[in-house]
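Q: Below are the sequence and a predicted model for it; my questions follow.
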Amino acid sequence: MILLNRRDAATLLLAQLLAPRAEAAAAEVVIDNFTFTPATLNVAAGTTVTFRNRDDIPHSVVSALRPPAFRSKVMDTDDSFAFVFDRPGRWDYFCGLHPHMQGTIVVT
Amino acid sequence: MSDNEIGRRGALRCMLWAGSGVIWTVSGGVPRALGDTQPADGFTFAQVSDSHIGFAREPNMDTPGTFAAAIAAVRAAPARPALLLHTGDVSHLSRPDEFDAAEKIMAGAGLDTHAVPGEHDVIEDGGAAFMARFQSRERGKGGYYSFDQGGVHFVGLNNVIDLRAGGMGHLGADQLAWLADDLRGRAASQPIVVFAHIPLWSVYPEWGWGTEDSAQALGLLRRFGSVTVLNGHIHQVMQKVEGTLAFHTARSTAFPQPAPGAAASPGPMKVEAPRLRAMLGVASISQVFGRSELAIIDTPLGA
Ligand SMILES: [Cu+2]
């Protein structure tokens, strides 16, 4: 019984990996020179967006909603933060250390 | 070659000032920035800023070293300062080991030290760790406090908490109400020194170099005859005079940042080692503390 269950689980996992699914979508925002690039990123609902700090100064990513819908820890050089954007809409964010740095994720 | 040698010798002498500790004296109720050649005849205090302990990239792999050099300069000043102000970004990432190292170096001055947080000091916990370590004596609730010494009323403000999207530095309603209370009933003749991390005037909003609600704070200060506002954050010297208010930003002891709009971003300037010390204060001392600069600072304060 136990063996059978394991095999079932393995089969299911394989099917998940092979199937084209919206959840698997990924996109990236690069932080450099005190700028989020692209400033506006359009993604499908369920996309995992990774924010990567390529700057030589720490930055963070904080949702502009109060309270914030998402918030990274501070990212030193080469650190990153990933967030799954499930809900459609316009998600504005900024850097918690340098709030003049702003970006938007548009989820459709 | 001999020119170079003289230049080097001069630079070495001035390297006492590496990292730019600023010595202030209050003479006749008027704070003045002091050079190392000018004897003090009044109450003096020192300012250091933006030590960024924990930063170890170009152009400065040794921020503890340059911070220690600034503290040594304060210690060696001909006029013994009565206290030391640190205008924030003591650490780079608010880490306990960074706070530890900074605290030890600062203690080397052997002076009463009063600090306000920079945005790098309040990263994870709204600044609780910073306040517990560096403001325990003043017992400021939200990272701000005041005290009197040498006839001067010192006000330390916190403009790095709860920053808003697209905004700049921020004091908030609670702190402004506290400031109004703190200043109420004080004689207009008492010199006031306000110190905070982000400039309390709009240096360059495009880079967030200013404080959104500073006008309200400055409004409360205008009735005083002598107000000196000391800030850090922008890692370069800037001065401005507005009636009885004199503004001064101090250099960083860690790395220089570009003049407003002079680069694509306000990131650290990549300067070579021999030039770095100059950018941290060495070669510009005569400009900062020279007579012409002093005249700019002095004129409105005693008015
Ligand atoms: Cu930032």
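A: The structure has been received and is ready for your questions. Residues are numbered from 1 along each chain as shown, chains lettered A, B, ... in the order given.
Q: Look up how far residue A:65 lies from the residue sitting nearest the centre point of chain A.
A: When Cα atoms, centre = their mean is applied to chain A, the residue found nearest the centroid is residue A:49 (2.5 Å). The spacing between residue A:49 and residue A:65, counted by Cβ to Cβ, to the nearest Å, is 16 Å. C-beta coordinates here come from the backbone N, C-alpha and C atoms, glycine included.
Q: Can you tell me which residues in chain A are near chain B?
A: For chain A, the contact set with chain B under Cβ under 8 Å from any Cβ of the partner chain comprises A:33-35, A:55-58, A:60, A:62, A:64, A:73-74, A:76-77, A:92-94, A:96-100, A:102.
Q: ok, of these, which come out buried?
A: Buried residues within these, counting neighbours by 16 or more other Cβ atoms under 10 Å in any protein chain shown: A:34-35, A:55-58, A:60, A:62, A:64, A:74, A:76, A:92-94, A:96-100, A:102.
Q: Tell me which of the residues you listed fall in helices.
A: Among these, no member falls in helices (DSSP state H).
Q: Grab the nearest non-local neighbour of residue 60.
A: I'll assume chain A. Leaving aside its sequence neighbours, residue A:60 sits nearest to residue A:96 (Cβ to Cβ, 6 or more residues apart in numbering or on different chains; 4.1 Å).
Q: wait, I meant chain B there
A: Using Cβ to Cβ, 6+ apart, the nearest residue to residue B:60 is residue B:255, at 4.9 Å.
Q: Is that neighbour in contact with residue B:62, as I believe?
A: No: the pair residue B:255 / residue B:62 is not scored as a contact, 11.0 Å apart, by Cβ atoms under 8 Å.
Q: ok, those two, which is more surrounded?
A: More crowded of residue B:255 and residue B:62, by other Cβ atoms under 10 Å in any protein chain shown: residue B:255, with 26 against 12.
Q: doesn't the more buried one fall inside a helix?
A: No: read with DSSP: H, G, I helix; E, B strand; the rest coil, residue B:255 is coil and lies in no helix.
Q: ok, it to residue B:140 distance?
A: Applying Cβ to Cβ to residue B:255 and residue B:140 gives a distance of 28 Å.
Q: What of residue B:214?
A: According to Cβ to Cβ, residue B:214 stands 19 Å off from residue B:140.
Q: Who has more neighbours out of these two?
A: In terms of neighbours (other Cβ under 10 Å), residue B:214 is the more surrounded of residue B:214 and residue B:140; the figures are 23 against 20.
Q: Enumerate every residue touching the more buried one.
A: Contact analysis of residue B:214 by Cβ atoms under 8 Å, 6 or more residues apart in numbering or on different chains lists B:159, B:169, B:171, B:200-202.
Q: Let's see if you can find the most crowded of these.
A: residue B:159 (32 neighbours).
Q: Does that residue touch residue B:176 like I think?
A: No: if you go by Cβ under 8 Å, residue B:159 and residue B:176 don't touch, sitting 10.8 Å apart.
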